[in-house]
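Q: after the sequence you'll find the predicted model.
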There are 2 protein chains.
Amino acid sequence: MKVTLAQLNYHTGNFEYNSNKIIEAINEAKKNNIDLIVFSELSVCGYPPRDFLEFNDFINLCISNVHLIASHCVGIAAIVGSPTVNPKIEGKDLFNSAYFLSNGKVEQIINKTLLPNYDVFDEYRYFEPNTVFEIVNYKDKKIAITICEDLWNLNPNPMYVQSPMDELIKQNPDLIINIAASPFSKTQIQTRLDVLKNNAIKYNLPIIYINHIGAQTQLIFDGGSCIIASDGNVLKQLGYFKEEVLNVDLNELNSFKPIEDLKQNDTINYANIEEALVLGIKEYFRKQGFSKAILGLSGGIDSALVLYLASKALGNQNVLAVMLPSQYSSNHSISDSEKLVENLGVKSDKIPIEDTFNTIQKTLAKQFENTEFGIAEENIQSRSRAVILMALANKFGYILLNTSNKSELAVGYGTLYGDMCGGISVIGDLYKTEVFELCEFINRNEEIIPKNIITKAPSAELRPNQKDSDSLPDYKILDAVLNLYIEQRKGPKEIIDLGFDEALVKRTLKMVNSNEWKRLQAPPVLRVSLKAFGPGRRMPIVAKYLG
Amino acid sequence: MKVTLAQLNYHTGNFEYNSNKIIEAINEAKKNNIDLIVFSELSVCGYPPRDFLEFNDFINLCISNVHLIASHCVGIAAIVGSPTVNPKIEGKDLFNSAYFLSNGKVEQIINKTLLPNYDVFDEYRYFEPNTVFEIVNYKDKKIAITICEDLWNLNPNPMYVQSPMDELIKQNPDLIINIAASPFSKTQIQTRLDVLKNNAIKYNLPIIYINHIGAQTQLIFDGGSCIIASDGNVLKQLGYFKEEVLNVDLNELNSFKPIEDLKQNDTINYANIEEALVLGIKEYFRKQGFSKAILGLSGGIDSALVLYLASKALGNQNVLAVMLPSQYSSNHSISDSEKLVENLGVKSDKIPIEDTFNTIQKTLAKQFENTEFGIAEENIQSRSRAVILMALANKFGYILLNTSNKSELAVGYGTLYGDMCGGISVIGDLYKTEVFELCEFINRNEEIIPKNIITKAPSAELRPNQKDSDSLPDYKILDAVLNLYIEQRKGPKEIIDLGFDEALVKRTLKMVNSNEWKRLQAPPVLRVSLKAFGPGRRMPIVAKYLG
């Protein structure tokens, strides 16, 4: 049996776009005498459809597009993902389904059993879990079709009380097909391969795995579709971060040489992170029909990194870097920025904010009389910059890129409606120490980001001689504590027991918890960790825990 | 058996506060020779705890506080709500539990079966559903303890495949106790009573129902705890929107006269909405330790209504109304605002934005050369106001109240980082037509909100002679379409079939869907409908559906 793995980039809710893409791939596969072509989870509507699923109109469009696609499945079979209506009165109204299409029609529907409902996932919000287990018989093969999470219940503390493969294996399948929507994170590539390998070995079956690529707002899909042998070896591997289609003859699996294990050790793969962020930016713009980005270039490392990534994603001619100096900006901020602009070949402008800052202070002179320069005055500067950047964005159709990093988002070291503005937060899931490391990685062959931007002490430059270290712990220590609290959900005692200073830990966790209100109004953050700020982390605002 | 219904106001994550309040109520009940005192769902940690539940440290605090409370339950029993650790390896790590405390210890733990995972609810994110059904035997009564949603599976299209009472009834209980966390909405008071009555009648059992009161960010809890007779009559009813404790002797239930049914017809009860919004503001401030609010008073109806509600919630001496006129502000905007300020006795200030607006335009003169006055210039005005309001907030410790209504949030008729700023959105769940109706209600006895503010044509006043009706359909029609789309999840065909103009419907739904990115950065919205913007409505941003 000849199978095509179609790792494609879908657009949520854009049925015409998705169906055309799927049908084109089916027609191409037909030309190659393929027996079965497999698309990823919820490929018909895109992933994640979120509350669109609550609209009958949306579900009707899903179903009618499945039938349209089915009509092209003559002489070939296809597996596509789409919601299905639950025929029973009891339970939720929908299933998350794999449609097996053949003979020009829907031949079989396999529903998802394990519905992820953690981090960014909300599938139990919409879907009823499957309770009926059926193999698909096609040509000479008995296929166990599973949907993403269905294979993810292997760990020692399983989240679900059953595993669908434990049921399906009783029907003696010849192979497992898993259609997935598994987003990227720093550790996901290795974790995902391990899960697939462990399933192959446990059930002694080869696995064909098809994932999404592309990005949908915060979520970046890296692809990495593959074929795993029943001994756990990776036989074929589709590319990461790109659309790719692979034809294989299942009868030849035994002749494939295993791909060398790309076991990654604990160090972060910055090449992947760079590709993920570039894809995240590119898709945010392309799928919304935008082409031009604007950002404020402060002379600091965060905006420098965002400018580099944006210029790579959108082309240097489509990015405008604006320097917005005030009386507190140091000279090197401008000269470093100018050097970076030159290195990247992006457009730039310089718009001093001093007049605006002074006018607002004059406007408030009566109210602010006899008060000292403080946070209010600092924030006026940051917000004046935002007003100017947004004015340019509104006037000329730019999208403002946010340049906040995860460390400052975590502790609230940023100005809401000021430097926290933007359509998308590019590096909001990178701690400051990771920002440094990614810049070093980018500079590995040549100095793209001027060295001085990387080596100088971080500063918001909102008052004379200000340094981040005046207000925050050393970033190495801060980021370690933040990682333990945010990613690993350690409490204060557990973190202190690891050797961190008690006062520092308590102060840090308090800062994180008391700034939820600020983060709630932050732009969507491109997710590259297992716990990014945004829909995957849902904290109370009016609360008092560690606060 | 004598029972106390304790309808109290908890603070999420504030264990000391919650436990003290619970223990105080227990001690008071002891003095009255009460046998059993009942608190609401997750009363120990507050509701909703959200992702705090992912921290072992938080769970340990829950459990240790349950034991602390239990130690006070000597000579009395208590039911409190708290998460429990799932002893099994398989399944999620927690249950949502009712603890039955007696003899100074935890006597029995009843877990929640039906886990709401729709709208604002995410309980399946944290909790494993219960599968074991046990009655609690106490004194002469067999009690079926259920937790909120456990009684909500009665409708003709039930969301769950089982109902816990169908199991518990087999053990012949004498009564049902339901501990709940059921938030307010326009229709919830009646719906909730209907659900309880239908359960009482179906199982032929009296029900003791205990709900939360108070507010947690967006969610407002109205209380309304009650006792329902087995024939469905309401026997006792605790107050709405206030803490209250009621002692009853269960043996006297038969002697209670049913309370007349407060059946509400389809008209909205604006007295409840007013109380809900006032409570929502009050609690947002009190629980975060804030006392003073600031807002921009435009002369329009939205900011007028918010000023009235804030002054009622926080006291008129704690609210500062700032008029921020520009060259496009009409004279009546100031005079109407001044009259309202006088009526309410709040503090006020007048800070013209003309200089700021002019300076920013001058700063951008080169960039904006040969362009026409447009959205960019309008937004500069709105954002200049926000910078000034936030500067005052930052300087003097005010919290900025957002004044956007649901209609403008829906269609994106507002300036992000401008009039969309604020710590909390007070009327963001009221359509413009409801804003008018609530103002008429407030004015029912005397003219509190000046009549001219209500009768004049709505305008953003960001260019000469601007009216909302230049850009938007008539609010009556717009709001009807929005309600069908947002609350009732009707698709375009269904709405058009109801007689609405096709072009208007398509344009409206497109505006709603293409403004998700703006709403994502809006403040939390006090929820008074069944579908408010915020955590209960989760829409993709990078998507193309009706867009």
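A: Happy to help now that I have it.
Q: how about the residues of the stretch 151-300 of chain A near chain B?
A: Counting by Cβ under 8 Å from any Cβ of the partner chain, the stretch 151-300 of chain A comes close to chain B at A:156-161, A:215-217, A:283-284, A:287-288. For glycine as for every other residue, the C-beta is placed from the backbone atoms N, C-alpha and C.
Q: need the helix or strand of chain A with the lowest average pLDDT.
A: In chain A, no helix or strand scores lower on mean pLDDT, DSSP states H and E than helix A:468-471, which sits at a mean of 89.
Q: hmm, back to that, so which of the residues of the stretch 151-300 of chain A next to chain B comes closest to B:Ser425?
A: Closest approach to B:Ser425 among these (Cβ to Cβ): A:Thr217, at 21.8 Å.
Q: ok, the closest one - contacts?
A: A:Thr217 makes contact with A:Tyr284, A:Ile424, A:Pro524, B:Pro540, B:Ile541, B:Val542 under the criterion Cβ atoms under 8 Å, 6 or more residues apart in numbering or on different chains.
Q: export those residues as TSV, with columns for secondary structure and distance to B:Thr146.
A: What follows is the contacts of A:Thr217, written out as TSV (DSSP: H, G, I helix; E, B strand; the rest coil; distance: Cβ to Cβ, whole Å):
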residue	secondary structure	distance to B:Thr146
A:Tyr284	helix	45
A:Ile424	strand	44
A:Pro524	coil	39
B:Pro540	coil	36
B:Ile541	coil	38
B:Val542	coil	41
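Q: pretty sure A:Val248 contacts A:Asn32?
A: No - counting by Cβ atoms under 8 Å, A:Val248 does not reach A:Asn32; the two are 11.0 Å apart.
Q: neighbour count: those two, which is higher?
A: Shown here are A:Val248 and A:Asn32; by other Cβ atoms under 10 Å in any protein chain shown, A:Val248 has more neighbours (18 against 12).
Q: counting by contacts, list what whatever helix or strand comes next after the least confident helix or strand of chain A packs against.
A: Counting by DSSP states H and E, the next helix or strand C-terminal to helix A:468-471 is helix A:475-482. Contact analysis of helix A:475-482 by 3 or more Cβ pairs under 8 Å, 6 or more residues apart in numbering or on different chains; DSSP states H and E lists helix A:406-411, helix A:432-442, helix A:502-513 as its packing neighbours.
Q: so is the helix or strand just after helix A:475-482 next to chain B?
A: Next along the chain after helix A:475-482, taking DSSP H and E as the criterion, comes helix A:492-497. Yes - contact between helix A:492-497 and chain B, assessed by Cβ under 8 Å from any Cβ, occurs at A:Pro492, A:Lys493, A:Glu494.
Q: thinking again about what came up before, so which of the helices and strands packed on helix A:475-482 gets nearest A:Pro535?
A: Among these, helix A:406-411 sits nearest to A:Pro535 (Cβ to Cβ), with 14.6 Å.
Q: quickly check: the helix or strand just after the closest one near chain B or not.
A: Toward the C-terminus, helix A:406-411 is succeeded by strand A:424-425 as the next helix or strand (DSSP H and E). No - Strand A:424-425 does not reach chain B (Cβ under 8 Å from any Cβ); its nearest approach is 8.8 Å.
Q: contacts only, for the nearest residue to A:Ser298 once chain neighbours are set aside.
A: Distance criterion Cβ to Cβ, 6 or more residues apart in numbering or on different chains; nearest residue to A:Ser298, sequence neighbours excluded, is A:Ser333 at 6.4 Å. When contacts are counted by Cβ under 8 Å, 6+ apart, A:Ser333 touches A:Ser298, A:Gly299, A:Gly300, A:Met323, A:Pro325, A:Glu461.
Q: the second one contacts A:Ser326, correct?
A: No - contact criterion Cβ under 8 Å: A:Gly299 and A:Ser326 do not qualify, at 11.7 Å.
Q: and for the two, which residues touch both?
A: Residues within reach of A:Gly299 and of A:Ser326 at once, by Cβ under 8 Å, 6+ apart, are A:Glu461.
Q: so those two - more neighbours on which side?
A: Neighbour totals were compared for A:Gly299 and A:Ser326, and A:Gly299 leads with 25 against 20 (other Cβ under 10 Å).
Q: where do the strands of the stretch 51-200 of chain A begin and end?
A: Using DSSP state E, counting those that start in this stretch, the strands of the stretch 51-200 of chain A run over A:77-85, A:94-102, A:105-111, A:136-138, A:141-147, A:175-179.
Q: for A:Asp249, list each beta-bridge partner.
A: With DSSP bridges as the criterion, A:Asp249 is bridged to A:Lys2.
Q: what count of nearby residues applies to it?
A: 13.
Q: I'd like the distance between it and A:Gln162.
A: Using Cβ to Cβ, to the nearest Å, A:Asp249 is found at 34 Å from A:Gln162.
Q: coming back round to it: which residues do A:Val248 and A:Asn32 both contact?
A: Shared contacts of A:Val248 and A:Asn32 (Cβ under 8 Å, 6+ apart): A:Lys2, A:Thr4.
Q: for whichever residue of the stretch 51-200 of chain A sits closest to chain B, what are its contacts?
A: Relative to chain B, the nearest point of the stretch 51-200 of chain A is A:Asp57 (2.4 Å; Cβ to the nearest Cβ). A:Asp57 is in contact with B:Lys490, B:Gly491, B:Pro492, B:Lys493, B:Glu494, counting by Cβ under 8 Å, 6+ apart.
Q: now with 6 Å?
A: By Cβ atoms under 6 Å, 6 or more residues apart in numbering or on different chains, the residues touching A:Asp57 are B:Gly491.
Q: for the closest residue to A:Ile189 other than its chain neighbours, grab the count of nearby residues.
A: Distances taken as Cβ to Cβ, 6+ apart put A:Gly224 closest to A:Ile189, at 6.0 Å, once the chain neighbours are dropped. Other residues lying near A:Gly224 total 23 when counted by other Cβ under 10 Å.
Q: A:Gly224 contacts A:Tyr240, doesn't it?
A: Yes - assessed by Cβ atoms under 6 Å, A:Gly224 is found in contact with A:Tyr240 at 5.3 Å.
Q: skipping its backbone neighbours, what lies nearest A:Asn32 in space?
A: Of all residues not flanking A:Asn32 in the chain, A:Asn247 sits nearest, at 5.7 Å (Cβ to Cβ, 6+ apart).
Q: in a helix, that neighbour, correct?
A: No - using DSSP: H, G, I helix; E, B strand; the rest coil, the assignment for A:Asn247 is strand, not a helix.
Q: all set, thanks.
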